[in-house]
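S.K.: Return a 3D structure for these sequence lines:
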Amino acid sequence: MSGRDFCLEPLGVPELNGAKLVDAAAQAGFRFVSIFAHAPTPEMQVDEVVGDLGKRQEMLARMKETGVGLLNLECFNLTPEADPESFRRALECGAALGARTATAIVWENADRADALTKYQRTCDMAAEHGIRVNVEFFAACRSLYGIAAVRDFVRDAGRTNGGVVLDILHLMRTSGGLLGLDGIDPDMVGSIQICDGLAKPPVDALDEALNRMLPGTGEFPIRAMLDWAPADLVIGVEAPQAALFGKVPPEERALSMYEAAARAACEPGS
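M.R.: Residues are numbered from 1 along each chain as shown. Take a look at the predicted model:
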């Protein structure tokens with residue numbers, strides 16, 4: 001397990017964009033970063049490299065110098081109002097930076113057929129750039145609740161570059177933890193993310209999502225999930241600690257996340 005690569009997820013260091021995100025990742029030991037290439041909600045900020053070619057070139061230069069790659073593009077929301085054509089700029093930016101995957105969510109869209117059509121179109125556009133589009137589930141999302149629902153959605157889309165995001169927090173809170181993996185083909189999983197938490201769900205689910213425990217400091221079965229998942233997947237570390245924003249520099253938080261994730265991934269039975 002010690003040979004696995006790790007990715008710094010942007011939710012944990014929202015202060016950093018582009019080249020600065022790459023530098024923080026490299027200093028901490030991460031081999032990859034992900035960026036917010038498309039805003040899933042109006043409140044979310046898109047990485048400046050999407051709209052600023054100069055910033056994009058700066059990020060690309062730092063990637064070449066440090067050896068840090070771009071893993072994933074967040075986040076394409078398949079709402080009733082969404083036009084997949086509006087995703088094109090983000091996908092093209094990601095392709096220019098070497099992105100491997102993208103994340104789609106359905107938050108919210110009660111019309112499954114509409115969401116499915118938009119997902120298929122997104123996959124088709126992403127396929128032009130060799131990008132796999134993985135669908136993420138989470139507790140606040142009622143349109144696709146739990147891993148089984150996402151499995152069926154991706155299967156019904158019938159796209160070879162479709163897949164599932166397996167985030168341990170959402171697996172624990174929506175799908176019964178490891179029991180939820182029964183009947184799931186590991187090869188459907190195209191993205192994996194870890195953090196930690198208590199076995200018993202907290203009263204405030206939003207606070208838990210924004211203030212996650214570092215890997216290995218809680219009760220989630222991290223190592224068991226990683227052992228189940230495809231061994232070639234890069235491990236995304238998504239452990240935002242909003243209570244520390246503005247208090248602890250993002251570079252220090254990135255280092256703490258990396259060190260914790262590396263230990264947790266190697267600990268049997270964690």
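
S.K.: CA-only coordinates of stretch 147-160 in PDB, if you can.
M.R.: Only the C-alpha atoms of stretch 147-160 are listed here, as PDB (Å, rounded to 0.1, in the frame of the first residue of the first chain):
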ATOM      1  CA  ILE A 147     -23.600   3.900  -4.100                       C
ATOM      2  CA  ALA A 148     -26.100   1.500  -5.500                       C
ATOM      3  CA  ALA A 149     -28.100   4.300  -7.000                       C
ATOM      4  CA  VAL A 150     -25.000   5.700  -8.600                       C
ATOM      5  CA  ARG A 151     -23.900   2.300  -9.900                       C
ATOM      6  CA  ASP A 152     -27.300   1.800 -11.600                       C
ATOM      7  CA  PHE A 153     -27.100   5.400 -13.100                       C
ATOM      8  CA  VAL A 154     -23.600   4.900 -14.500                       C
ATOM      9  CA  ARG A 155     -24.600   1.400 -15.800                       C
ATOM     10  CA  ASP A 156     -27.700   2.800 -17.500                       C
ATOM     11  CA  ALA A 157     -25.700   5.600 -19.200                       C
ATOM     12  CA  GLY A 158     -23.700   3.000 -21.100                       C
ATOM     13  CA  ARG A 159     -20.600   5.000 -21.500                       C
ATOM     14  CA  THR A 160     -17.200   3.300 -21.300                       C
END
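
S.K.: Give me the contacts around that stretch.
M.R.: By C-beta atoms under 8 Å, 6 or more residues apart in numbering, the residues outside stretch 147-160 that reach it are 106, 112, 115-116, 119-120, 123-124, 127, 133, 135-137, 144, 162-166, 171, 174-175, 180-181, 183-185, 188. All C-beta atoms are positioned from the backbone trio N, CA, C, and that covers glycine.

S.K.: Same check on stretch 197-208?
M.R.: Residues outside stretch 197-208 that contact it (C-beta under 8 Å, 6+ apart) are Ala139, Ala140, Leu169, Met172, Arg173, Arg212, Met213, Gly218, Glu219, Phe220.

S.K.: Quick check, the fifth one in contact with Phe137.
M.R.: No: taking contact to mean C-beta atoms under 8 Å, the distance of 9.9 Å between Arg173 and Phe137 leaves them out of contact.

S.K.: Strands along the chain, start to end?
M.R.: Secondary structure of the chain by DSSP state E: the strands cover 6-8, 32-36, 69-77, 101-105, 132-135, 162-167, 189-194, 235-237.
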